[in-house]
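Q: Okay, sequence plus prediction incoming.
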Amino acid sequence: MEKNIIILSLSINETKIISSKLKEVSLVSINLWDDLVKSPIITSNFDALIITGSEDFLKENNSDLKIPTNLLTTTKSALMNDMPILGINLGMHVINLALGGKYPKFTPPVVPNESNQKRKDIFISPGSKLTTIIGYAGLMRIGQPNSYGISITEKSDILRASCYSVENGIIEAFESDEHNWVLGTRFDPFGPHIPPNFEHIIESFLNT
């Protein structure tokens with residue numbers, strides 16, 4: 001069954017990969033975060049929501065991450081309607097804030113050089129929804145440094161952490177046990193240097 005999916009993004013450029021995958025089987029509408037001020041979204045008109053936000057497309061390259069109020073309002077509406085929601089990169093933090101969590105901490109990523117690793121170790125918890133989707137758990141590596149992250153202190157009580165950074169305990173993915181399908185990942189699961197089977201997230205998202 002074809003679904004009507006809304007993507008809320010910082011930039012059209014960052015949605016190219018995921019929208020191309022979705023357009024094969026679904027209707028896709030893309031709205032920028034800033035557009036929500038003039039063009040509010042009625043979430044009941046859609047079947048599912050994806051929120052993306054690569055740090056590369058932030059207008060201001062500093063430690064002050066500002067999430068638009070209209071974006072939080074839209075996300076809260078989607079959560080109340082129990083829509084399937086996928087948050088990628090900064091989109092993860094939008095979900096956390098909408099569910100009562102705190103703003104992420106700013107920690108500039110280490111610039112890779114010959115003396116440090118270009119990839120980081122993460123641990124996916126057994127028994128999580130993410131484990132069920134990708135088919136395995138445990139220790140693995142990804143290659144996407146990010147500046148903004150949350151720990152248990154900033155995480156909403158409604159969300160369950162399903163993936164951590166081994167180095168500093170920052171939450172790399174979470175999910176909600178109180179909603180039908182809500183998943184957030186700090187990294188882009190469809191980007192380069194990602195372990196196998198993360199593309200199954202889209203299949204699970206669409207089949208909800």
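A: Everything's here; your move. All figures in this text were calculated on a predicted structure; none of them were measured in a lab. Numbering: from 1, shown residues only.

Q: Let's verify the closest residue to residue 142 other than its chain neighbours: helix, strand, or coil?
A: With Cβ to Cβ, 6 or more residues apart in numbering as the criterion, residue 142 has its nearest non-adjacent residue at 5.3 Å, and that residue is residue 187. Yep, even glycine has a C-beta here, placed from its N, CA and C like the rest. With DSSP: H, G, I helix; E, B strand; the rest coil as the basis, residue 187 sits in coil.

Q: try the one 10 residues further on
A: Reducing the assignment at residue 197 to three states with three-state DSSP gives coil.

Q: so how many other residues sit close to it?
A: For residue 197, the neighbour count with other Cβ atoms under 10 Å is 13.

Q: Isn't it up against residue 132?
A: No: counting by Cβ atoms under 8 Å, residue 197 stays clear of residue 132, with 11.0 Å between them.

Q: if I pick the residue nearest to residue 142, what's in contact with it?
A: Counting by Cβ atoms under 8 Å, 6 or more residues apart in numbering, residue 187 touches 89, 142, 144, 146, 172, 194.

Q: Over to residue 42?
A: Contacts of residue 42 (Cβ under 8 Å, 6+ apart): none.

Q: Roughly how far does it sit from residue 81?
A: According to Cβ to Cβ, to the nearest Å, residue 42 and residue 81 sit 10 Å apart.

Q: With residue 57 instead?
A: According to Cβ to Cβ, residue 57 and residue 81 sit 27 Å apart.

Q: the more surrounded of those two?
A: Between residue 57 and residue 81, counted using other Cβ under 10 Å, the more crowded position is residue 57 (17 against 13).

Q: wait, doesn't the more buried one sit right on residue 12?
A: No: Residue 57 is beyond contact range of residue 12, at 9.5 Å (criterion: Cβ under 8 Å).

Q: Can you read off the backbone torsions of the residue lying closest to residue 88 once chain neighbours are set aside?
A: Once flanking residues are discounted, residue 88 sits nearest to residue 52: 4.6 Å by Cβ to Cβ, 6+ apart. Note on residue 52: its backbone torsions stand at phi -120, psi 160 [degrees, to the nearest 10].

Q: pLDDT at residue 52, what is it?
A: Confidence at residue 52, expressed as pLDDT, is 96.

Q: That one touches residue 6, doesn't it?
A: No: assessed by Cβ under 8 Å, residue 52 is found out of contact with residue 6, at 11.5 Å.

Q: helices and strands around the helix ranked longest in the chain, which ones?
A: Longest helix in the chain, counting residues (DSSP state H): helix 69-80. Contact here means 3 or more Cβ pairs under 8 Å, 6 or more residues apart in numbering; DSSP states H and E; on that basis helix 69-80 packs against strand 4-9, strand 48-53, strand 85-89, helix 90-98.
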